[in-house]
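K.L.:
Task: produce atomic coordinates for the following.
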Amino acid sequence: MFLHQLLNLFYVASKKEEDSEYDLSLYKRGDLLEVPRTLFTHFGIYLGDNRVAHLIPDILPAISKDASAIAKAVTNDRLLLGAIAKVASVRVDSVEDFAYGSVILVNHMDRVCSQPPLDGDEVARRAQKFLGSVTYSLLWYNCEHYVMYCRYGMAISYQTYQFCRAVRRIVCSRTSACLTALCGVGVLLCVGCLTPLTLLSTLFVSFTIWMAA
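P.N.:
Modelled structure (predicted):
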């Protein structure tokens, strides 16, 4: 009986690898996987046995109670609407559903993060600890914050940091300061509210942006 059960488990595991579009032998428990999505890079933690834990925005749980539909792979439409609505969950999907047809990078963050990775079992344990609904924020708690905490113990996001730097370069530029001043004065002239106080306020905002540039 024991031998029969052992052979059956071996057959099920082999069947999973045969059905997978990806070579599962490349991934170890606790590995950090990343794939490009529509507008950003998506991250997950490999749990073993063709299972990936990942934090992903999803609008469907907020508008439907159909468990079978929710369990299906999250499409880009569901993901983007979930991000807008700030509705997300940590869920477990197959490697195929997680990757959504994209090429997978393994432990690429090891080269970027100053902290060494935790033990694989500890990484997977942390990843599974947060399964279920979570508070989502595109800038302050996204899929990258989740996996970085699981693997390195630091909830940080390099994507968020790069995005904020890009916004700062645009907003806090001298061109932006000049345009802000011109637009502000133009609007005040159009609505007939150009007084010393409003003019001073407009110039103060422009001056602040100029000094921050």
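
K.L.:
Would you state the helices of the chain in chain order?
P.N.:
For the chain, the helices identified by DSSP state H occupy 2-19, 60-63, 67-71, 76-85, 95-99, 120-129, 143-152, 158-171, 174-191, 196-212, in order along the chain.

K.L.:
what residues does the fourth one touch?
P.N.:
Contacts of helix 76-85 with the rest of the structure, by CB atoms under 8 Å, 6 or more residues apart in numbering, involve 37-39, 56-60, 62, 74, 88, 100, 136, 138. To be clear about C-beta, it is placed using only N, CA and C from the backbone, and glycine gets the same treatment.

K.L.:
For S133, give its distance to Y152.
P.N.:
Using CB to CB, to the nearest Å, one gets 24 Å for the distance from S133 to Y152.

K.L.:
How about E144?
P.N.:
In terms of CB to CB, E144 sits 11 Å off from Y152.

K.L.:
Can you flag the buried ones in the contacts of helix 76-85?
P.N.:
Neighbour-count burial (16 or more other CB atoms under 10 Å) applied to these gives 37, 56-60, 74, 88, 100, 136, 138.

K.L.:
which of the helices of the chain has the lowest average pLDDT?
P.N.:
Per-stretch mean pLDDT for these is lowest at helix 2-19 (a mean of 41).

K.L.:
circling back to that earlier point, who has more neighbours, S133 and Y152?
P.N.:
When S133 and Y152 are compared for neighbours, Y152 comes out ahead with 19 against 14, by other CB atoms under 10 Å.
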